[in-house]
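S.K.: here are the coordinates; sequence isn't available:
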């Protein structure tokens with residue numbers, strides 16, 4: 001190849017590299033969605049400590065993308081209640097106080113008992129609930145925390161959607177998203193109890209015993225809430241003891 005052509009190729013090499021990267025990015029269906037999923041997974045699995053400052057620059061450099069999809073992803077995560085964004089400081093993983101945990105789970109009780117009282121109990125719903133319980137048992141054996149929480153959310157969402165009440169489902173989904181961090185932190189505390197609790201709810205629904213299903217649902221949610229509050233209280237005591245030493 002002539003020297004002149006080689007020289008021109010060397011000059012345009014960086015631009016050719018950028019064009020290749022741009023073509024690769026265009027193949028990604030939704031870069032913002034992928035960025036959102038990546039950050040969310042890291043937040044929920046505890047990769048970031050609450051004190052760690054998440055900046056657009058840091059995340060963009062780690063993922064090798066521009067700041068625009070990162071900004072959109074962070075705004076979405078803030079709307080879901082998983083992070084808090086502070087002006088000129090960055091984003092931080094959200095920590096829930098005891099009252100916030102109580103408020104979230106107490107509201108869940110109200111919404112989910114109402115869902116059971118108005119849900120259309122069909123063979124399809126019952127089969128879906130049964131399938132969900134069986135998947136949960138398999139997932140727990142594998143120790144897959146993320147899959148377990150997602151399946152747990154699916155079980156409760158199935159009942160809410162069976163009410164055919166769009167407004168209820170919207171509020172319910174918002175509460176579910178806000179309590180996601182709590183759900184991941186409660187994995188070791190209450191994960192193994194989920195299949196049993198869900199089976200009690202399912203069996204009551206198979207006999208159209210809504211009151212029994214409501215009692216099982218309330219016991220299930222209150223149990224998780226209480227375990228979370230106990231763990232939070234223990235953490236606070238441990239921190240006080242550590243500070244005094």
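M.R.: Yes, it's here. Values in this document were obtained by computation on a predicted structure and should not be read as measured data.
S.K.: quick one: residue 38 from residue 31, how far?
M.R.: Residue 38 sits 10 Å away from residue 31, taking Cβ to Cβ, to the nearest Å as the criterion. Quick note: C-beta positions are derived from backbone N, CA and C, even for glycine.
S.K.: the longest helix in the chain is where?
M.R.: helix 210-244 (DSSP state H).
S.K.: so for that one, what gets flagged as buried?
M.R.: Buried residues in helix 210-244, counted by 16 or more other Cβ atoms under 10 Å: 210, 212-218, 220-221, 223-225, 227-228, 231-232.
S.K.: gap between it and the chain center?
M.R.: Put simply, helix 210-244 sits 19 Å off its chain's centre (Cα atoms, centre = their mean, to the nearest Å).
S.K.: so what secondary structure elements neighbour that helix?
M.R.: helix 98-118, helix 180-185, helix 187-190, helix 194-206 (3 or more Cβ pairs under 8 Å, 6 or more residues apart in numbering; DSSP states H and E).
S.K.: could you redo the last one with a cut-off of 7 Å?
M.R.: Under the contact criterion of 3 or more Cβ pairs under 7 Å, 6 or more residues apart in numbering; DSSP states H and E, helix 210-244 touches helix 98-118, helix 187-190, helix 194-206.
S.K.: closest one to residue 144 among those helices?
M.R.: Proximity to residue 144 (Cβ to Cβ) singles out helix 187-190 among the helices and strands packed on helix 210-244, at 10.2 Å.
S.K.: and residue 37, how far from residue 227?
M.R.: 28 Å.
S.K.: need the contact list for residue 218.
M.R.: Shown in contact with residue 218 (Cβ atoms under 7 Å, 6 or more residues apart in numbering): 109, 113.
S.K.: so how far is residue 68 from it?
M.R.: From residue 218 over to residue 68 (counting by Cβ to Cβ), the distance is 44 Å.
S.K.: kindly report the same for residue 80.
M.R.: Counting by Cβ to Cβ, the gap from residue 80 to residue 68 is 19 Å.
S.K.: and for residue 171?
M.R.: 31 Å.
S.K.: where does the prediction get shaky in the protein?
M.R.: 1-29, 183-189 (pLDDT under 70).
S.K.: follow-up on the earlier one: which of residue 80 and residue 68 has more neighbours?
M.R.: residue 80 (19 against 13; other Cβ atoms under 10 Å).
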